[in-house]
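K.L.:
sequence-free structure coming up:
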């Protein structure tokens, strides 16, 4: 492992140096910082040109300028954007922070949804559900991102903001939505005719009950989770996590998950006082953010402890089930706290809380929770745009991979031994299904960190892509080179990480080989 990392690091450094050297030459050739002055009609035109040549050191050969820039960059000085006079460091820091918010949410959600739907589609091969997913995947994959973004602006932002002015869904529409949800669940789960009818009725009833609850409690105007909804949703999460990861017959794992939910409901009330502490009274508080991450880690540790106490035939399964459930319940409590400031936030924005551009509302003020909510509402549309495109790709990858795995000899052997289908799918097939994704996802993440240029342009989000385009258009070499160094470095790291993940997922791979 150590020899692999050393070898790949040295190779990566050589590749990085070659790449940035060539890019410096290409950027220097592509941009002309004197273009605006050459077209100027100023009387002192020649003097202005001479001053800029001296300012940007353009008389020095390009190779020497590259090594000067590289030496300063290595020492921690990425230069200055000469048009605005702003240091490149803060510009890059703000841009990459905005992009990381977008990339983290979009990649995680697209991966979870895409892999889940793709696997279910593969398990229901040639069924109605499978054909629907194939059609939807090809449709979304073929759509241009700018077109999806514009549609989301119109219907998911402007339309939803208009809906909030009179937040009421006609009951026939609620019934129609419930019926469609029941049909989708019926197609996804499949089974005998009797089971299909039961699934349809249960799915439709659950959807109708949920929408009726939102309607009757005026949830659209005051969207909070609360202890009751926390208990209901948490219990559903506990059964889902235990059912998939351990099987509902593993009572120790199920009870450990339900205990984690019960503990979360009990702690909901004292956490309200904790979240009112002074550290959460400042918008953008770093201390508050670190505390939230700390609480997330604590929730996982507590879940592991609950699973360890319940033990069972496999203590590791109980610990994993309780930890996942505990984390998700803690996430619900966090979401509830954020949504408690929805009313003041919506009023501040005059009843139109879903923005269509930027990454934050100027001079928003308020406490920490207002800042978090504002950041999340600005993430909704660009995140949905990236999710819809990436979801299609991940669904196709996971479906084809699962179909290939399910045809292997060891799957037939596992079934011949009498193992339950859940064990065959989750423990034997699922892990090998992830092998192709292990090489794709890290590269996709790094590509997005380089900037979702079109999406950022449509939503006027000041991310890495927009910084690159604006700097290149302004003939500012330093920001462009800083961008290229970061993206090239991350691309090299992504390839190394992909190899390590590949070896972790597939025990047949040895990095020492």
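P.N.:
Now that the structure is in, tell me what you want to look at. Quick caveat, the model's predicted, so the values are computed rather than measured.
K.L.:
Can you list the buried residues in the longest helix seen in the chain?
P.N.:
In the chain, assigned by DSSP state H, the helix with the most residues is helix 368-406. For helix 368-406, a neighbour-count test (16 or more other CB atoms under 10 Å) marks 368-375, 377-399, 401-403, 405-406 as buried. C-betas here are computed from N, CA, C, even on glycine.
K.L.:
likewise stretch 440-449?
P.N.:
Quick answer for stretch 440-449 (16+ other CB under 10 Å): 441-442, 444-446, 448-449.
K.L.:
export these to TSV and tack on pLDDT, distance to residue 226 and secondary structure?
P.N.:
Listed next are those as TSV, based on pLDDT from 0 to 100; distance: CB to CB, whole Å; DSSP: H, G, I helix; E, B strand; the rest coil:
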residue	pLDDT	distance to residue 226	secondary structure
441	79	35	helix
442	78	39	helix
444	76	37	helix
445	75	35	helix
446	73	40	helix
448	70	35	helix
449	69	37	helix
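K.L.:
wait, which of those is closest to residue 504?
P.N.:
residue 442 (12.4 Å; CB to CB).
K.L.:
Look up how far residue 495 lies from that closest one.
P.N.:
8 Å (CB to CB, to the nearest Å).
K.L.:
And residue 501, by the same measure?
P.N.:
Taking CB to CB, one finds residue 501 at 11 Å from residue 495.
K.L.:
And residue 469, by the same measure?
P.N.:
Applying CB to CB to residue 469 and residue 495 gives a distance of 26 Å.
K.L.:
Can you show me the strands along the protein?
P.N.:
For the chain, the strands defined by DSSP state E occupy 80-81, 86-87.
K.L.:
Check the ones you listed for me and report the most buried one.
P.N.:
Here the criterion is mean neighbour count by mean count of other CB atoms under 10 Å, and of the strands of the chain the winner is strand 80-81, at a mean of 18.
K.L.:
overlap in contacts of residue 501 and residue 495?
P.N.:
residue 442 (CB atoms under 8 Å, 6 or more residues apart in numbering).
K.L.:
Residue ranges in the stretch 351-500 of the chain under the pLDDT threshold?
P.N.:
Along the stretch 351-500 of the chain, segments meeting pLDDT under 70 span 447, 449-451.
K.L.:
switch the cut-off to 80
P.N.:
365, 431, 435-436, 438-439, 441-453, 498-500 (pLDDT under 80).
K.L.:
do the same with the stretch 201-350 of the chain
P.N.:
Using pLDDT under 80, the stretch 201-350 of the chain drops low at 284, 311-314.
K.L.:
Try it again at 70.
P.N.:
312-313.
K.L.:
What ranges does it have for its helices?
P.N.:
226-245, 251-274, 286-310, 315-339, 342-348 (DSSP state H, counting those that start in this stretch).
K.L.:
who wins for proximity to residue 163 among the ones you listed?
P.N.:
helix 342-348 (12.6 Å).
K.L.:
wouldn't residue 325 be in contact with residue 260 here?
P.N.:
Yes - the criterion here is CB atoms under 8 Å, and residue 325 meets it with residue 260 at 4.6 Å.
K.L.:
list the residues that contact both of those two?
P.N.:
238, 303.
K.L.:
List the contacts of residue 488.
P.N.:
16, 19-20, 23.
K.L.:
ok, now residue 271?
P.N.:
Here residue 271 is in contact with 333, 337 (criterion: CB under 8 Å, 6+ apart).
K.L.:
For it, give its distance to residue 283.
P.N.:
20 Å.
K.L.:
pLDDT at residue 36, what is it?
P.N.:
Looking at residue 36, its pLDDT is 77.
K.L.:
what's around it, how many residues?
P.N.:
Residues contacting residue 36 under the criterion other CB atoms under 10 Å number 13.
K.L.:
Quick check: nearest residue in space to the residue most central in space within the chain, chain neighbours excluded?
P.N.:
Closest to where the C-alpha atoms of the chain average out (CA atoms, centre = their mean) is residue 105, at 2.1 Å. Nearest residue to residue 105, sequence neighbours excluded (CB to CB, 6 or more residues apart in numbering): residue 383, at 4.8 Å.
K.L.:
Who are the contact partners of that neighbour?
P.N.:
So residue 383 contacts 102, 105-106, 109 (CB under 8 Å, 6+ apart).
K.L.:
Next, count neighbours for residue 346.
P.N.:
Residue 346 has 20 nearby residues by other CB under 10 Å.
K.L.:
Please disregard the earlier target; I meant residue 470.
P.N.:
With other CB under 10 Å as criterion, residue 470 counts 17.
K.L.:
for residue 202, same thing?
P.N.:
By other CB under 10 Å, neighbour count at residue 202 equals 14.
K.L.:
Might you report the residue contacts of it?
P.N.:
Contacts of residue 202 (CB under 8 Å, 6+ apart): 182, 185.
K.L.:
returning to that earlier point: as CSV, the strands of the chain with distance to residue 316 and mean pLDDT would be great.
P.N.:
Formatted as CSV, the strands of the chain follow (distance: least, CB to CB, whole Å; pLDDT from 0 to 100):
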stretch, distance to residue 316, mean pLDDT
strand 80-81, 52, 84
strand 86-87, 50, 86
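K.L.:
can you list those strands in JSON lines and add distance to residue 148?
P.N.:
JSON lines is the format used below for these (distance: least, CB to CB, whole Å):
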{"stretch": "strand 80-81", "distance to residue 148": "32"}
{"stretch": "strand 86-87", "distance to residue 148": "33"}
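K.L.:
what about those strands, which gets the closest to residue 464?
P.N.:
Of all those, strand 80-81 comes closest under CB to CB, at 14.5 Å.
K.L.:
Which elements pack onto that closest one?
P.N.:
strand 86-87, helix 88-123, helix 477-505 (3 or more CB pairs under 8 Å, 6 or more residues apart in numbering; DSSP states H and E).
K.L.:
switch to 7 Å and redo it
P.N.:
helix 88-123, helix 477-505 (3 or more CB pairs under 7 Å, 6 or more residues apart in numbering; DSSP states H and E).
K.L.:
Name every strand pairing with it and say which way it goes.
P.N.:
Here strand 80-81 is paired, per DSSP bridges, with strand 86-87 (antiparallel).
K.L.:
Quote the end-to-end distance of stretch 34-42.
P.N.:
This stretch, stretch 34-42, spans 14 Å end to end (CA to CA, to the nearest Å).
K.L.:
which outside residues touch that stretch?
P.N.:
Residues from elsewhere that reach stretch 34-42, judged by CB atoms under 7 Å, 6 or more residues apart in numbering: 45, 48-49, 52, 475.
K.L.:
do stretch 5-25 as well
P.N.:
Contacts of stretch 5-25 (CB under 7 Å, 6+ apart): 62, 66, 481, 484-485, 488-489, 492, 496.
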